[in-house]
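Chemist: what's the 3D shape of this:
(chains A and B)
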Amino acid sequence: KAGVTQTPRYLIKTRGQQVTLSCSPISGHRSVSWYQQTPGQGLQFLFEYFSETQRNKGNFPGRFSGRQFSNSRSEMNVSTLELGDSALYLCASSLASALYNEQFFGPGTRLTVL
Amino acid sequence: QKEVEQNSGPLSVPEGAIASLNCTYSDRGSQSFFWYRQYSGKSPELIMSIYSNGDKEDGRFTAQLNKASQYVSLLIRDSQPSDSATYLCAVNNGNQFYFGTGTSLTVIP
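Modeler: Now for the predicted structure:
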């Protein structure tokens, strides 16, 4: 069974630009969660999507948004990029709600903002 | 106060010893608790999940949960050099996940 895939793996952008990251969950998984990982803050929850609906949201500004498609694939968008947005962005999929189900992480997208 | 706190380490144990990793959380309404392992340059992978007070064993790993003390721990018995990694504690309060910053473990051959 294929694992969680994320594209692109690496991205370099400049301040003020916007970026879209993509995540394809494991086949049959309906929940996709997004995380930001930085050396100083660790792993921080961005949001969770389940059946095309945002179920939960972390404490990030509105510049961070996402969506989920009918095939469970998810995209995350960051607008008006700031230097502090440089991070590893991870998505994780689970069968149903991530609350009581094992999450499988993708390899991540390394975003660098110059 | 952070939602989830872990001792950042580094924690060093000799091969074959027991490694003990600890985590405290602030939200008494937290419902599910997880331990992840993350090797350098890799994504986190789930080791254990625990939802009720007490111990849960899986092979060389034992997770312990004490909701009254808001404390979760992970014991690794017969530690192996391949266990050298950063261990992340994660807590879900019903709305979102909170991760600790991780404890770096080194198992010395």
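Chemist: wait, what's in contact with the residue positioned nearest the centre of chain A?
Modeler: Centroid check for chain A by Cα atoms, centre = their mean gives residue A:34 as the closest residue, at 3.1 Å. Residues near residue A:34 by Cβ atoms under 8 Å, 6 or more residues apart in numbering or on different chains: A:23, A:45-48, A:66, A:74, A:76, A:89-92. The way it works is simple: take the backbone N, C-alpha and C, and place the C-beta from them, glycine included.
Chemist: one more time with 6 Å
Modeler: For residue A:34, the contacting residues are A:46-47, A:76, A:91, by Cβ atoms under 6 Å, 6 or more residues apart in numbering or on different chains.
Chemist: again, but for residue B:86
Modeler: Taking Cβ under 6 Å, 6+ apart as the contact definition, residue B:86 lies against B:38, B:102, B:104.
Chemist: Any figure for the gap between the second one and residue B:61?
Modeler: Here the criterion is Cβ to Cβ, to the nearest Å. By it, residue B:102 lies 16 Å from residue B:61.
Chemist: do the first one as well
Modeler: When Cβ to Cβ is the yardstick, residue B:38 and residue B:61 sit 15 Å from each other.
Chemist: go on, residue A:28?
Modeler: Distance from residue A:28 to residue B:61, by Cβ to Cβ: 26 Å.
Chemist: Which one of those two is surrounded by more residues?
Modeler: Taking neighbours as other Cβ atoms under 10 Å in any protein chain shown, residue A:28 and residue B:61 compare with residue B:61 leading, 17 against 9.
Chemist: now what about the lowest-mean-pLDDT helix or strand in chain B, what contacts it?
Modeler: Sorting the helices and strands of chain B by mean pLDDT, DSSP states H and E puts strand B:97-99 at the bottom, at a mean of 89. Defining contact as Cβ under 6 Å, 6+ apart, one finds that strand B:97-99 is touched by A:42-43, A:45, B:3-4, B:88, B:90-91.
Chemist: same question, stretch B:16-34
Modeler: With contact meaning Cβ under 6 Å, 6+ apart, stretch B:16-34 is reached by A:99-100, B:1, B:3-6, B:13, B:49-51, B:65, B:70-79, B:87, B:89-94, B:100, B:103, B:105.
Chemist: and that stretch, how far from the chain's centre?
Modeler: A distance of 5 Å separates the centroid of the chain from that of stretch B:16-34, by Cα atoms, centre = their mean, to the nearest Å.
Chemist: Give me the distance between the two termini of that stretch.
Modeler: Distance between the two ends of stretch B:16-34: 24 Å, counting by Cα to Cα, to the nearest Å.
Chemist: same question, stretch A:91-106
Modeler: Start-to-end span of stretch A:91-106 (Cα to Cα) is 6 Å.
Chemist: which residues touch it?
Modeler: By Cβ under 6 Å, 6+ apart, stretch A:91-106 touches A:4, A:6, A:23, A:25-26, A:29, A:31-34, A:48, A:90, B:32, B:43-44, B:46, B:92.
Chemist: if we go to 8 Å?
Modeler: Contacts with stretch A:91-106, where a contact means Cβ under 8 Å, 6+ apart, come from A:3-6, A:21, A:23, A:25-26, A:28-35, A:48, A:50, A:55, A:72, A:74, A:76, A:90, B:31-32, B:34, B:43-46, B:49, B:51, B:92, B:94, B:97.
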